[in-house]
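Student: Show me the folded form of this:
(one chain, ligands or ions: 1)
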Amino acid sequence: MNFVSDDYYYLKAKHKGYRSRASYKLLEIEQKFKIFQKNQIVLDLGASPGGWSQVASSEVGKNGKVLAIDKAYISPFKEENIEIINRDIFDEELKNFIEENYGKIDLLLSDCSPNISGDYSRDHFTQINLANRALDLSQFLLKEGGCFVCKLFHGKELQHFTNKTKESFETFKLFKPKSSRKKSAEIYIIGFKLKKQN
Ligand SMILES: C[S@@+](CC[C@H](N)C(=O)[O-])C[C@H]1O[C@@H](n2cnc3c(N)ncnc32)[C@H](O)[C@@H]1O
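Tutor: Down below sits the predicted model:
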C-alpha cells in the first residue's frame with residue numbers, strides 16, 4: 001500500500017504498532033456499530049498487511065479467532081489468535097476449507113480491493129466482483145444472525161449491491177469513516193443479522 005508520510009492516520013497507526021492506517025476505519029466501524037464480541041470467529045478477507053486483523057484480534061480476545069485471508073503475502077503476527085490463510089478469495093475450495101476446519105463464523109469482514117488502474121468504471125466493476133464474492137461467502141459461512149462488513153466503491157452497481165445485501169440481512173448501513181481519505185471513492189456496507197438461509 002502507498003502511504004503518505006505526513007498522513008495523520010498513518011502516523012497514528014505507526015505509533016500504535018498497527019500494520020496499516022486502515023485499522024482506524026475498522027475501529028470507527030466498531031465504535032459506531034458494535035460489530036464485535038468476545039470469543040467470535042472472524043473471517044478477514046483481503047487482510048494484508050494486517051491492520052484489520054490486529055483490531056479484530058484484540059476485539060475478540062484470546063478465546064476468539066481471526067482468519068486472515070489474502071492472495072498477497074501476510075507476514076506472521078505476534079497475536080496467537082490470528083491464523084494466516086494465503087489464498088485468493090475466488091479459490092473454489094475456500095469455503096469448504098473454512099467450514100471443514102473452523103465451522104461457521106460470526107463475522108465476515110472484507111476490505112478487499114483491486115490494484116487501482118485509474119480507469120474508474122473498470123476499478124468499480126472489479127471492486128463489485130470482489131464484494132459479490134464476499135457476499136456469497138458470507139451467505140455460506142456465516143452463522144444465522146452473523147454480521148457482514150464490506151468495502152465498496154461508489155458507482156452504478158452500488159445500489160444493486162445494497163439491494164442484494166438487504167435481501168440477505170435484516171438491516172444494513174452504508175458508512176464512510178473519517179479515516180477514509182475524502183478523495184477515495186470507498187464506502188463500507190455493514191449487514192446486520194444474516195437471515196435464515198434456505
Ligand atoms: C486495502 S488492502 C487491505 C488492507 C487491510 N484491511 C489492512 O487493514 O491492512 C486490500 C487487499 O485486498 C487483497 N485482495 C484483492 N483481491 C483479492 C483476492 N481476489 N483474493 C484475496 N485478496 C485479495 C489485496 O491483495 C490487498 O492486500
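
Student: So which residues of the chain form strands?
Tutor: 41-45, 65-70, 82-86, 105-110, 142-153, 169-175, 186-194 (DSSP state E).

Student: Now do the longest helix belonging to the chain, average pLDDT.
Tutor: The longest helix of the chain (DSSP state H) is helix 120-141. For helix 120-141, the mean per-residue pLDDT is 94.

Student: Which one of the strands of the chain lies nearest to residue 125?
Tutor: Among the strands of the chain, the nearest to residue 125 by Cβ to Cβ is strand 142-153 (9.3 Å). The way it works is simple: take the backbone N, C-alpha and C, and place the C-beta from them, glycine included.

Student: Show me which positions of that closest one end up buried.
Tutor: For strand 142-153, the neighbour count (16 or more other Cβ atoms under 10 Å) marks 142, 146-153 as buried.

Student: Can you tell me what sits against it?
Tutor: For strand 142-153, contacts defined as Cβ atoms under 8 Å, 6 or more residues apart in numbering pick out 26, 29, 35, 46, 104-113, 123-124, 127-128, 131, 134-135, 138, 158, 161, 165, 168-169, 185-197.

Student: out of those residues, who's near the ligand?
Tutor: The subset of the contacts of strand 142-153 within reach of the ligand, by Cβ under 6 Å from any ligand atom, is 46, 111-113.

Student: ok, and the most crowded of the residues you listed?
Tutor: residue 111 (24 neighbours; other Cβ atoms under 10 Å).

Student: ok now do that residue, which residues does it touch?
Tutor: The contact partners of residue 111, by Cβ under 8 Å, 6+ apart, come to 22, 25-26, 44-47, 52, 151.

Student: where does residue 141 sit relative to residue 52, distance-wise?
Tutor: Between residue 141 and residue 52 the distance is 17 Å, computed by Cβ to Cβ, to the nearest Å.
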